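Novice: the following block contains a protein sequence and its predicted model.
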Amino acid sequence: MTFASRMARIAPSPTLKVTAEADRLRRQGIDVVDLGAGEPDFPTPDHVKAAAHLAIDQNFTKYTPSAGIVEVRQAVCQRYATDYGVTFTPDQVIMTAGGKQALFNTAFVLFDPGDEVVTHAPYWPTIPEQVKLAGATPVIVQTSPEDGFAIHADAMIAAMTPRTRAVIVNSPSNPAGALISEADLRAIAEEAARRGIWVIADLTYEKLIYDPVAHNLPAILAEVVPDQFAICSAASKAYAMTGWRCGWTIGPKAFIAQCNALQGHATSNINSITQRAAVAALTGPQESVTVMLDEYRRRRDAVTALLTADPRITCVKPQGAFYLFPYVADVLEATGFRTTSEFAEALLADAHVAVTAGEGFDAPGFFRLSYATSMERLEEGMRRLHAFIARRSQ
């Protein structure tokens, strides 16, 4: 068979591949400790589910405007006004099928063949793959575990060329949980404004930051690059709504209008019931976010200690999100695996523990471990992981 040439430019999602294989084993009756999934293990908050039930009872089950109902776009604006003190209007917002579509729309509206897009690694694989799918070229700036995978302005600016169309920043980052400082983002945005470059912020994990650190990225973008920014985020992680498929893009009105035109010929509106649920999530009680964050912090600290009980494993403690990203090069050498891909495949097949190999994040020697599951399962996963390493060590 032959397919469109663009398909040769992209690779399948490594995170979804792990999820599919873990699901296949579970259907065979195998007890899998799934530490690969990038989604909260908490239920969607009750008041959010109640709003969805009410939407169904009121027969709110028809098409809506492709950008989303005014109420949900107003709710996004209200949330950002409360959290960041920045004013957006509903015509600066489009609702999308998760953060992934928010980034996809942005890529296809902005990027042309020949464009370059600067971003940082380790990265969420979808970011560079979408850049390539749009015909542009991702330019990758490596970050370092020695300083917590911090995103530095000087390195990002040094990667800019006359062909640079945009910079994409993910903070807190997936997989490393690293944050960009306000000063670094401001420096990037100021240089981008000078060169006419777009700044795109993937803030999907914006609610999951463990310490009270300054992280008002939306206000900086709105101030410094008001005509060339995009904020992509979602209800998925903060409100345990991954399956609801609710994301959004915020940006200049003309840009959002183009996203709406594209979406109108792709998926149209997101689920009508989800939109009502999102209004409740964004405008209702926020205590559930704090409860989840506190539990993630407890798990982060506990699993970091369990994981690094083997001195061959080193791990930067993440500042946000809900992943550990340990470095296991010494373990690979001891166990005879050439790559973390081989290691992760064997770990799943033999010990029935699912993690995601670092190669998919442009980080050989690392793997991603999600602690968005119960402490009981995390402890069992660590027990199996260490036993697997002991069996395989030469």
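Specialist: Nice, thanks for sending it over.
Novice: contacts and neighbour counts: CA atoms only from here.
Specialist: Will do.
Novice: show me how far the helix or strand of the chain at the bottom of the mean pLDDT ranking is from its chain's centre.
Specialist: Least confident helix or strand of the chain, by mean pLDDT, DSSP states H and E, is helix 14-27 with a mean of 80. For helix 14-27, the distance from its own C-alpha centre to the chain's C-alpha centre is 19 Å (Cα atoms, centre = their mean, to the nearest Å).
Novice: with just CA atoms, put it into PDB.
Specialist: Extracted C-alpha coordinates of helix 14-27, given in PDB (Å, rounded to 0.1, in the frame of the first residue of the first chain):
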ATOM      1  CA  PRO A  14       5.400   5.700  22.200                       C
ATOM      2  CA  THR A  15       3.100   6.500  25.200                       C
ATOM      3  CA  LEU A  16       0.000   5.200  23.400                       C
ATOM      4  CA  LYS A  17       2.000   2.100  22.300                       C
ATOM      5  CA  VAL A  18       2.800   1.300  26.000                       C
ATOM      6  CA  THR A  19      -0.900   1.800  26.900                       C
ATOM      7  CA  ALA A  20      -2.000  -0.500  24.200                       C
ATOM      8  CA  GLU A  21       0.400  -3.300  25.100                       C
ATOM      9  CA  ALA A  22      -0.500  -3.100  28.800                       C
ATOM     10  CA  ASP A  23      -4.100  -3.300  27.900                       C
ATOM     11  CA  ARG A  24      -3.400  -6.400  25.700                       C
ATOM     12  CA  LEU A  25      -1.800  -8.100  28.700                       C
ATOM     13  CA  ARG A  26      -4.600  -7.200  31.000                       C
ATOM     14  CA  ARG A  27      -7.100  -8.700  28.700                       C
END
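Novice: would you mark the buried spots in it?
Specialist: For helix 14-27, burial by neighbour count (16 or more other Cα atoms under 10 Å) applies to 14-15, 18-19, 22.
Novice: which intervals of this protein have sub-threshold pLDDT?
Specialist: 394 (pLDDT under 70).
Novice: tell me the helices in it, going along the chain?
Specialist: 14-27, 46-57, 70-84, 98-110, 126-133, 153-158, 182-195, 217-224, 253-264, 272-283, 287-307, 329-335, 340-346, 375-392 (DSSP state H).
Novice: rewinding a little: just checking, what packs against the least confident helix or strand of the chain?
Specialist: strand 356-357 (3 or more Cα pairs under 8 Å, 6 or more residues apart in numbering; DSSP states H and E).
Novice: list the neighbouring strands of the strand it packs on plus their orientation.
Specialist: strand 367-370 (antiparallel) (DSSP bridges).
Novice: gap between the partner strand and the chain center?
Specialist: 13 Å.
Novice: contacts for that strand?
Specialist: With contacts defined as Cα atoms under 8 Å, 6 or more residues apart in numbering, strand 367-370 is touched by 35-38, 175, 322-328, 340, 344, 355-358.
Novice: alpha carbons of that strand, in PDB - could you do that?
Specialist: Presented in PDB, the C-alpha positions along strand 367-370 are these (Å, rounded to 0.1, in the frame of the first residue of the first chain):
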ATOM      1  CA  PHE A 367      12.600   6.100  31.200                       C
ATOM      2  CA  ARG A 368       9.300   7.800  32.200                       C
ATOM      3  CA  LEU A 369       7.400   6.500  35.200                       C
ATOM      4  CA  SER A 370       4.000   7.900  36.000                       C
END
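Novice: got the buried residues for that strand?
Specialist: 367-370.
Novice: cool, and stretch 178-197?
Specialist: Result for stretch 178-197 [16+ other Cα under 10 Å]: buried residues 178-182, 184-193, 196-197.
Novice: again with stretch 233-248
Specialist: 233-242, 244-248.
Novice: quote the end-to-end distance of it.
Specialist: 6 Å (Cα to Cα, to the nearest Å).
Novice: same check on stretch 142-157?
Specialist: One end of stretch 142-157 sits 13 Å from the other (Cα to Cα).
Novice: which parts of that stretch are buried?
Specialist: 142-143, 145, 148-153, 156-157.
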